[in-house]
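[1] quick one, fold the following:
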Amino acid sequence: MEIIQDIIEVFKLSLIKTKDVNLTVGAVVALVVAFVVTSFVLKMVRKIITRKLPLEDKNKFISIFQFIQYLVYLFVIMFTLNASGVNISVLLTASAAIFLGLGFALQQLFQDLISGILIILDQSLHVGDIIEIDDKVCRVEKISLRSTKAITRNQRVMVIPNHKFLSDILFNWTQNSTVIRESVTVGVAYGSDTALVKEVLIQCAKKSNSILKTYEPIVMFENFGDSSLDFILYFFVDDAFASPNVKSDLRFEIDKQFRANNISIPFPQRDVHLISKTNIE
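    Coordinates of the predicted model:
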């Protein structure tokens, strides 16, 4: 019992003692134990979270995890010292205004960082994905913790804050597969042979080297328009980023084959009926 009492007395010895702070040996020991336990728990959490991530994303997460680790250590220190009887109210009062100001100033940054972490963990976005955001289609080139860099079809660089992926609607064209369906709309004159139109459109699609042969092109008779019979040609490509070029080449070929088969593409027409004043009287 005397040994235990001696140990307790040793723990009560003050290393630093002032009017507001009383740092004892016991508080230091508790702080060391808390650090060791916290380090072990953080390592386990990091391994569990990053075990299924690609190496590149894992390195990104580890860098932000170190920042989170510092915050956790700070809270552990404050909690352990407070639980050990050390009055930390002075420290909290002095730093509260600083933390509050930093919180407001870095609010947007924290939103971007949290969004970046969620993107990495959720694997909802990858380098090379074709996305549509703010009515712009672009290819993802780089995903960082704060922002994502993407290249538009006219080779302009878009730097997208990561919080926009959580607050705005995002279309990921290649989330499930790189193969997407595209379409070209065309109108032909009334009286045209619709069966021939369908055959010509399908043959045009099959002749294109950029259109996948593993999927059959489809022609839909869309509507009886004001001046034309409207058809839509559906086809599949494996590069959504280049689809405007594919559709342009396809339109050239359709125009060529329509001319060869005497299929006319009409222009809008209006019939104007004039009533003379004599007939009215």
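
[2] export stretch 188-208 to CSV, keeping only CA atoms.
    Listed next in CSV are the C-alpha coordinates belonging to stretch 188-208 (Å, rounded to 0.1, in the frame of the first residue of the first chain):
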residue,chain,number,x,y,z
VAL,A,188,-36.8,14.6,-95.2
ALA,A,189,-39.4,15.9,-97.5
TYR,A,190,-43.0,14.7,-97.4
GLY,A,191,-43.5,11.9,-99.9
SER,A,192,-40.1,10.4,-99.4
ASP,A,193,-39.6,6.7,-99.2
THR,A,194,-39.4,6.2,-95.5
ALA,A,195,-38.0,2.6,-95.8
LEU,A,196,-35.3,3.9,-98.0
VAL,A,197,-34.5,6.8,-95.6
LYS,A,198,-34.1,4.3,-92.8
GLU,A,199,-31.8,2.0,-94.8
VAL,A,200,-29.6,4.9,-95.9
LEU,A,201,-29.2,6.2,-92.4
ILE,A,202,-28.3,2.8,-91.1
GLN,A,203,-25.7,2.3,-93.8
CYS,A,204,-24.2,5.7,-93.2
ALA,A,205,-23.7,4.7,-89.5
LYS,A,206,-22.2,1.4,-90.4
LYS,A,207,-19.7,3.0,-92.8
SER,A,208,-18.2,5.2,-90.1
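
[3] could you list the low-confidence segments of this structure?
    1-28, 50, 52-67, 79-106, 268-273, 276-281 (pLDDT under 70).

[4] helices of that one, residue ranges please.
    2-11, 25-50, 55-83, 89-105, 107-122, 164-167, 194-207, 243-260, 277-280 (DSSP state H).

[5] name the helices or strands packed onto the second one?
    The criterion is 3 or more Cβ pairs under 8 Å, 6 or more residues apart in numbering; DSSP states H and E, and the helices and strands that helix 25-50 contacts are helix 2-11, helix 55-83. To be clear about C-beta, it is placed using only N, CA and C from the backbone, and glycine gets the same treatment.

[6] helix 107-122 and that one, what's the angle between them?
    Inter-element angle recorded for helix 25-50 and helix 107-122: 60 degrees (by axes from the mean of the first three to the mean of the last three Cα atoms, to 10 degrees).

[7] so residue 49 sits against residue 121, correct?
    Yes. Using Cβ atoms under 8 Å, residue 49 is in contact with residue 121, at 6.7 Å.

[8] now do residue 171: how many residues are near it, please.
    10 (other Cβ atoms under 10 Å).

[9] tally of neighbours for the residue found closest to it once you drop the neighbours it is linked to in the chain?
    Distances taken as Cβ to Cβ, 6 or more residues apart in numbering put residue 132 closest to residue 171, at 4.0 Å, once the chain neighbours are dropped. Applying other Cβ under 10 Å, we find 14 residues neighbouring residue 132.

[10] ok, now which ones touch residue 132?
    138, 170, 171, 173 (Cβ atoms under 8 Å, 6 or more residues apart in numbering).

[11] distance check, the last one against residue 179.
    Read that as residue 173. 10 Å (Cβ to Cβ, to the nearest Å).

[12] neighbour count for those two, which is higher?
    The neighbour count for residue 173 versus residue 179, taken as other Cβ under 10 Å, is higher for residue 173 (17 against 14).

[13] residues in contact with the spatially closest residue to the more buried one that is not a sequence neighbour?
    Once flanking residues are discounted, residue 173 sits nearest to residue 130: 4.2 Å by Cβ to Cβ, 6+ apart. By Cβ under 8 Å, 6+ apart, the contact set of residue 130 is 137, 138, 139, 140, 172, 173, 174, 180, 240, 241.

[14] swap in 7 Å and give it another go.
    137, 139, 173, 174, 240, 241 (Cβ atoms under 7 Å, 6 or more residues apart in numbering).

[15] columns distance to residue 199 on top of those, output as a markdown table?
    Below are the contacts of residue 130 laid out as a markdown table (distance: Cβ to Cβ, whole Å):
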| residue | distance to residue 199 |
| --- | --- |
| 137 | 32 |
| 139 | 35 |
| 173 | 30 |
| 174 | 32 |
| 240 | 27 |
| 241 | 30 |
